[in-house]
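J.: the amino acid sequence is not available; the structure is as follows:
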């Protein structure tokens, strides 16, 4: 008689079954690409007239070039990481706020859920054009070296740096908080565009909380504010970590990211494949470091509900 697997064993088996396509694709398709890219980071590659590459082993010269002779690379990494931190904060707060609203019973709830997920589906349509418009404005700002230049592009943004900043200054907001709010207002399209998946994840987590917990809290006289901070938020803290990791990876690997554009620029240069590979691998280590720090910080606030194994 065959022994029946326990529920936990069945779940673990199903996880591995779902991982098989990814593992097979990684081993038979992507592994060779990664290995060759790592090799190229230690080489100088030049195209031959009859096709192919001339490979010259140069050791760590490509990495030393990035750290010593390419100042824009480290500056772009620093700017990308700083902007990523703000985006993770903005998107997490925004997606959690929208998920809590969409979890409430209200007319047209399905329509609003679909509306917030549309940017993910239509990423190559009007949202892509909005992103390109934002990129053009950012390029103008970098060229002129002033935030207020965004006001010169009339009709291309929902908010103006100057208008929002003057309003916050009139309310005696601190300069740092004013800058954070104005950046969020200026990039509201990017925040909405990048929150679709996170909203769905938070919404799934909210719907998995047992209604009996809320009923018990209401019977005990808990307010809505107390219910959110003592029940809802602790129960979905693992999803905060999931969304933070997803947002970090998504933001730092976007094709419009300054580092990704710089890597692509070097890749297209004659003999620049080795430098581009070194850029990619060093950036990969930076992304891993960011993920590790985020996991270390957020793991301290996570709450896991203990369930019986019987």
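T.: All right, it came through fine. Bear in mind that the values here come from a model prediction, so they are computed numbers and not experimental data.
J.: and residue 89, how far from residue 104?
T.: 24 Å (Cβ to Cβ, to the nearest Å). Any C-beta I mention is one placed from the backbone N, CA and C, and that applies to glycine too.
J.: could you check which of the two is surrounded by more residues?
T.: residue 89 (14 against 8; other Cβ atoms under 10 Å).
J.: how is the more buried one assigned, secondary-structure-wise?
T.: Going by DSSP: H, G, I helix; E, B strand; the rest coil, the secondary structure assigned to residue 89 is helix.
J.: next, the contact list for it, please.
T.: Contacts for residue 89 (Cβ atoms under 8 Å, 6 or more residues apart in numbering) come out as none.
J.: begin at 88 from now on, thanks
T.: Sure thing, new numbering starts at 88, so read that last one as residue 176.
J.: and it, how far from residue 331?
T.: 9 Å.
J.: got it, and residue 341?
T.: For residue 341, the distance to residue 331 - Cβ to Cβ - is 16 Å.
J.: for the one helix or strand residue 350 maps to, which positions count as buried?
T.: Using DSSP states H and E, residue 350 falls within helix 345-355. Judged by neighbour count using 16 or more other Cβ atoms under 10 Å, the buried positions of helix 345-355 are 345-347, 349-350, 353.
J.: quick check, nearest of those residues to residue 97?
T.: Nearest to residue 97 among those: residue 347, at 40.5 Å, using Cβ to Cβ.
J.: pretty sure that closest one is touching residue 337, no?
T.: No. Using Cβ atoms under 8 Å, residue 347 makes no contact with residue 337, being 12.0 Å away.
J.: can you give me the neighbour number for residue 185?
T.: Residue 185 - counted by other Cβ under 10 Å - has 20 other residues nearby.
J.: wait, it sits on residue 287?
T.: No. Using Cβ under 8 Å, residue 185 is not in contact with residue 287; the gap is 10.3 Å.
J.: check the gap between the residue nearest the centre of the chain and residue 372 for me.
T.: Taking Cα atoms, centre = their mean, the centroid of the chain lies closest to residue 334, which sits 2.1 Å from it. Distance, residue 334 to residue 372, by Cβ to Cβ: 19 Å.
J.: ok, residue 105 next?
T.: 28 Å.
J.: and what of residue 280?
T.: 28 Å.
J.: now do the SS call for residue 143.
T.: strand.
J.: show me the contacts for it.
T.: 130-133.
J.: show me what it bridges to in the sheet.
T.: Residues in a beta bridge with residue 143, per DSSP bridges, are residue 131.
J.: quick one on the thing from earlier: and the angle from the helix or strand just after the helix holding residue 350 to helix 345-355?
T.: Using DSSP H and E, the helix or strand that follows helix 345-355 in sequence is helix 360-385. Computed with axes from the mean of the first three to the mean of the last three Cα atoms, to 10 degrees, the direction of helix 360-385 lies at 160 degrees from that of helix 345-355.
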